[in-house]
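Chemist: Pasting the sequence and the predicted coordinates here, then a few questions.
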Amino acid sequence: MTTMMSLIRPVAALFVDDGWLALAIMGIVALAAFFAYLFPSLSLVAGTILLFGCLGVLFVNVLTA
């Protein structure tokens, strides 16, 4: 079990290394999903929110790092 955990821990750290980035992306995904749920005919707008929101969060994260 110890060997398994020592193998899993570095891989998991790749995904949760920056907690702010993960929370911000989850927020953008939730916002896009909420918009898509409220206005199903405007799915292109929800996709645009998702694309530019995630790119914006990534850009800010790169600038601060």
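Modeler: Thanks, I have the structure now. Keep in mind the model is a prediction, meaning the values are calculated, not measured. Numbering: from 1, shown residues only.
Chemist: got the contact list for residue 45?
Modeler: Shown here is residue 45, whose contacts under the criterion CB atoms under 8 Å, 6 or more residues apart in numbering are 35, 39. For every residue, glycine as well, the C-beta is placed using N, CA and C.
Chemist: let me fix that: residue 20
Modeler: Listed by CB under 8 Å, 6+ apart, the contact set of residue 20 reads residue 61.
Chemist: how close does it sit to residue 26?
Modeler: Noted for residue 20: a distance of 11 Å to residue 26, by CB to CB, to the nearest Å.
Chemist: Give me the buried stretch members for the helix of greatest length in the chain, please.
Modeler: Among all segments of the chain classified by DSSP state H, the helix with the greatest residue count is helix 43-64. Of the residues in helix 43-64, those scored as buried under the neighbour-count criterion (16 or more other CB atoms under 10 Å) are 46, 49, 50, 53, 54, 57.
Chemist: ok, the spatially most central residue of the chain - contacts?
Modeler: Nearest to the mean C-alpha position of the chain, by CA atoms, centre = their mean, lies residue 25 at 2.7 Å. If you count contacts by CB under 8 Å, 6+ apart, residue 25 has them with 54, 57.
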